[in-house]
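Q: fold the stuff below for me.
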Amino acid sequence: MDVRQEGAAGGPGIAADRADALAYRADIDGLRAIAVLAVALFHAEIPGFSGGFVGVDIFFVISGFLITRIIAAEAAAGRFSYLRFYERRARRLAPALFVVVAAVAVFTLLYRSPRDADIFGESVSLFAVFAANFFFYNQLDYFGDPAVFYPLLHMWSLAVEEQFYLILPPLLLLFWRFGRGGALLALGALAAASFAAALIAMSHDPQLAFFHTPFRMWQLLAGGLLALAPPPRWSAGTRNALGLIGLALALAPVALYDKTTLFPGLAAAPPTLGAVLVIAAGLGRAAGPKASAPSPSSTRLGLGPSPDQRSPAGADPAPAAENGPMGGIAARLLSAPPLVFIGLCSYSFYLWHWPALTAARFLSPGPMESPLSIPSALMVLAAAFGLSALTWAYVERPFRRPGGVLSGRGVAIGVASCVAALLLLGWVLQETRGLPARFPSLAPMFTEDARRYGLAPQDCARATRLVPEALRGEIDPGFCKAHDAGPDRPVALLWGDSHAWALAPGVARWAEAADVSLFVAWSATCPPLLGVDRPVQTRFHDCRRHNAAALRLAPALGVDQLILAAQWSRYHRRVNLTARLGETVAAARAAGAAPVLIGETPPAGVHAPTALFRAEMVGAPPGALPEDRAEALAPIAGSVADLEAAARAAAIPLWSPAPAICPRGGCVFQADDKAPLYADSHHLNRIGARRLGAALAEILGPHDNQGADPG
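A: Next comes the predicted model:
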């Protein structure tokens, strides 16, 4: 295929405007600066930047534009090479990336707990093959730790970009057979399909839409379509309007959005469109006088073209047909030398800023989950930018030019070696559970029972075979049998959300002592109440169907006692506990089971294992953990009152674990051997749950078959 003949099929050939297409755009580096500053200030939790996460969306548009125009220009010249393309990507990304990840690995091994190192090992293994977005999609949910526990969290966006660039070159070359118009039409249809898929995913699993390439591809393609479009001839007024409207659309969400904004979905459209308009304002030939070259001040500061804004061969850019001033007022603002310099360092700054913030929060005296003070956060970002400037000057720039520090063969060998080293490190950290031998005196803090909540797989055998055929698809697959007391013995069913699952080791200990068979039916964020569903769809099993099936199972299993447990404070504001519990209790009694209610475990408020480990490691006081019973119960006081009223109305027993965890002398979050009793900020780990085993007998009793009599 001779792509140089594209003009015959679709208007003026792209080769004719190649000089314009590859001219340096100082305003694009300025737009990069806006994007990275928005992200960094959002991550630092600086007031006024609550929607700074949209900076990533702006990056996607810029990346799609710059990379697509290079691929298209090379294709039009008939000299596109996959090897050369991916060598450029490796030179652009790999050196700084490996430097930052190596620094994070050293900090993790020196200071972070084995649990954190284990998590880091898993993330770095997937990061090494540009699949970090898959890891964070699975981790950052109701069960996941706060984002600050993941120093490589920001790598998800790089994974999305690189996955996209695996498919863009072959797609673009394929569609080019039909000319520029055909490529625009085909990629436009693909972008529309991606956007539609993102909207659909938002109604079922917003996290899927956030982290995965098919649902983000439309933003990269928005920039790509702009790169392929025929060069316009804007008037000065049009350029001013496009640039200023675009800048407003890109900046407004930074201040107006926050963590409650349903994102990406429709909310991602304004920043995406804004970035498109800002770039579009500087495209094409001027309708008036020739555009100016980069400013002398930019030249003195060494703010030359970014390597990904150079020609494909890495030569100097074409004469300035579209410099910053070409885009009008917005471009002149974005072409200010300080912004351009930040834009040139933006990649390194993006890499450094999040690990720097997570490290500072780990070493700070306050809770790791709490943001740094504004002065501290700004100082950390300033230090991160200093590292970024050094990385840009001494790592990024030397490695970018072909024939520079490494040959093409050297790049391939170097990248392969670094990837292999990261995969090995990830494997070692996962296989050893984070190298706990680094801290021999703290060994009890790192056992499997201290790390996990709920029953181990070998302690709760999957019991799907005991489920009637009609209910097998309805009940959550986590349904299992924790203890088998044999025939003619009472049967209990523990039913609830993940807090019920966290209590399961203690309930299982009671079941063994009382010689009672025990089943566990649990589903994440799903309270044991009929007719209640999650407020939004998630990847978890259908809550309403699961609850209906759990009660229908009771007579089939011969359940005598139904134990209801949940994180009640999560639901009481949106659910009428008295009405729903009354309906559920009536159905349970009709099924032949006597219901018993277990109250909520007092929350630790912060990640208890980390708070205790930091107290040992860096002297961070564990005072972030509640010091007395009143403080611990304050966050759940409202739900406790509602639950007590609902239990009285339903005439069923209610037992609270609070006195066992927070006696009058103060709350206990750590065993005598320093092992934590919580797996995170609110789930008891297996050690903590087992400590409740004896106390549970207070309400569960040694029961013989007691039928449905509520008396």
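Q: and the longest helix seen in the chain, what does it pack against?
A: When the chain is scanned for its longest helix (criterion: DSSP state H), the result is helix 82-111. If contacts are counted by 3 or more CB pairs under 8 Å, 6 or more residues apart in numbering; DSSP states H and E, helix 82-111 sits against helix 114-128, helix 155-175, helix 346-363, helix 374-391, helix 397-400, helix 408-431. For every residue, glycine as well, the C-beta is placed using N, CA and C.
Q: let's see it at 6 Å
A: helix 346-363, helix 397-400, helix 408-431 (3 or more CB pairs under 6 Å, 6 or more residues apart in numbering; DSSP states H and E).
Q: packing partners for the shortest one?
A: What it means is helix 397-400. helix 82-111.
Q: hang on, the earlier thing: check the offset of the longest helix of the chain from the chain's centre.
A: Its chain's C-alpha centre and that of helix 82-111 lie 20 Å apart, by CA atoms, centre = their mean, to the nearest Å.
Q: over to stretch 172-180?
A: 35 Å.
Q: quick one: end-to-end distance for that stretch.
A: 10 Å (CA to CA, to the nearest Å).
Q: could I get the average pLDDT for that stretch?
A: Averaging pLDDT along stretch 172-180 gives 87.
Q: in it, which residues are buried?
A: By 16 or more other CB atoms under 10 Å, the buried positions in stretch 172-180 come out as 172-173, 175-176, 179-180.
Q: with stretch 637-651 instead?
A: So, applying 16+ other CB under 10 Å, buried residues of stretch 637-651: 639-640, 642-643, 646-647, 650.
Q: mind listing which of those are in helices?
A: 639-640, 642-643, 646-647, 650.
Q: just name the closest of the residues you listed to P337, please.
A: S639 (55.7 Å; CB to CB).
Q: got a pLDDT number for that closest one?
A: Model confidence at S639 (pLDDT) stands at 91.
Q: start the count at 34 instead of 1 going forward.
A: Understood, numbering begins at 34; the last thing we discussed is S672.
Q: do you know how far it is from L610?
A: 8 Å (CB to CB, to the nearest Å).
Q: if we ignore the residues flanking it in sequence, what's nearest L439?
A: Nearest residue to L439, sequence neighbours excluded (CB to CB, 6 or more residues apart in numbering): G447, at 6.1 Å.
Q: go on, L253?
A: G97 (3.7 Å).
Q: is the one you found in a helix, a strand, or coil?
A: helix (DSSP: H, G, I helix; E, B strand; the rest coil).
Q: is it correct that it is in contact with Q252?
A: No: if you go by CB atoms under 6 Å, G97 and Q252 don't touch, sitting 7.1 Å apart.
Q: where's E664 relative to P286, distance?
A: 37 Å.
Q: these two: which has the busier surroundings?
A: P286 (26 against 15; other CB atoms under 10 Å).
Q: for that one, phi and psi?
A: Main-chain torsions, P286, degrees, to the nearest 10: phi -60, psi -30.
Q: now do the contacts for it.
A: Neighbouring residues of P286 by CB atoms under 6 Å, 6 or more residues apart in numbering: 84, 87, 303-304.
Q: looking at those, which are in strands?
A: Nothing among the contacts of P286 maps onto strands, per DSSP state E.
Q: make a markdown table out of those and add pLDDT, neighbour count and distance to P404.
A: Formatted as a markdown table, the contacts of P286 follow (pLDDT from 0 to 100; neighbours: other CB atoms under 10 Å; distance: CB to CB, whole Å):
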| residue | pLDDT | neighbour count | distance to P404 |
| --- | --- | --- | --- |
| G84 | 96 | 22 | 16 |
| V87 | 97 | 30 | 19 |
| P303 | 98 | 20 | 26 |
| P304 | 98 | 30 | 23 |
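Q: pull the most distant pair out of those.
A: Maximum distance among those (CB to CB): 10.2 Å, for G84 and P303.
Q: picking up where we left off before, okay, the buried residues of stretch 670-684 in CSV with distance to A619 next?
A: CSV is the format used below for the buried residues of stretch 670-684 (distance: CB to CB, whole Å):
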residue, distance to A619
S672, 22
V673, 23
D675, 19
L676, 18
A679, 13
A680, 14
A683, 8
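Q: returning to what we had before: out of the helices and strands packed on helix 115-144, which comes closest to A728?
A: Short answer: helix 379-396, nearest of the helices and strands packed on helix 115-144 by CB to CB, at 34.8 Å.
Q: which helices and strands does the closest one pack with?
A: helix 59-76, helix 115-144, helix 407-424.
Q: what score does the spatially closest residue to R662 that is not a sequence neighbour have for pLDDT?
A: The shortest distance from R662 to any residue other than its chain neighbours is 3.9 Å, reached at C695 (CB to CB, 6+ apart). Looking at C695, its pLDDT is 86.
Q: look up how far V444 lies from C695.
A: 59 Å.
Q: and C513, by the same measure?
A: For C513, the distance to V444 - CB to CB - is 51 Å.
Q: just checking, what packs against the helix or strand hosting A224?
A: Per DSSP states H and E: A224 is located in helix 212-237. In terms of contacts (3+ CB pairs under 6 Å, 6+ apart), helix 212-237 is packed against helix 39-43, helix 188-208, helix 239-244, helix 250-261.
Q: could you pull out the helices for the stretch 584-733 of the chain?
A: Applying DSSP state H, counting those that start in this stretch to the stretch 584-733 of the chain gives helices spanning 610-623, 641-650, 662-666, 670-683, 691-694, 719-724, 726-733.
Q: check contacts around A73.
A: So A73 contacts 386, 414 (CB under 6 Å, 6+ apart).
Q: same question, G307
A: 279, 282-283.
Q: which ones among those residues map onto strands?
A: Using DSSP E, none of these sit in strands.
Q: counting neighbours, which of the residues you listed comes out on top?
A: Of these, with other CB under 10 Å as the count, A283 tops at 28 neighbours.
Q: tell me how far the residue nearest to that residue when sequence neighbours are not counted lies from Q252.
A: Excluding the flanking residues, the one nearest A283 by CB to CB, 6+ apart is G307, at 3.3 Å. As judged by CB to CB, G307 and Q252 stand 12 Å apart.
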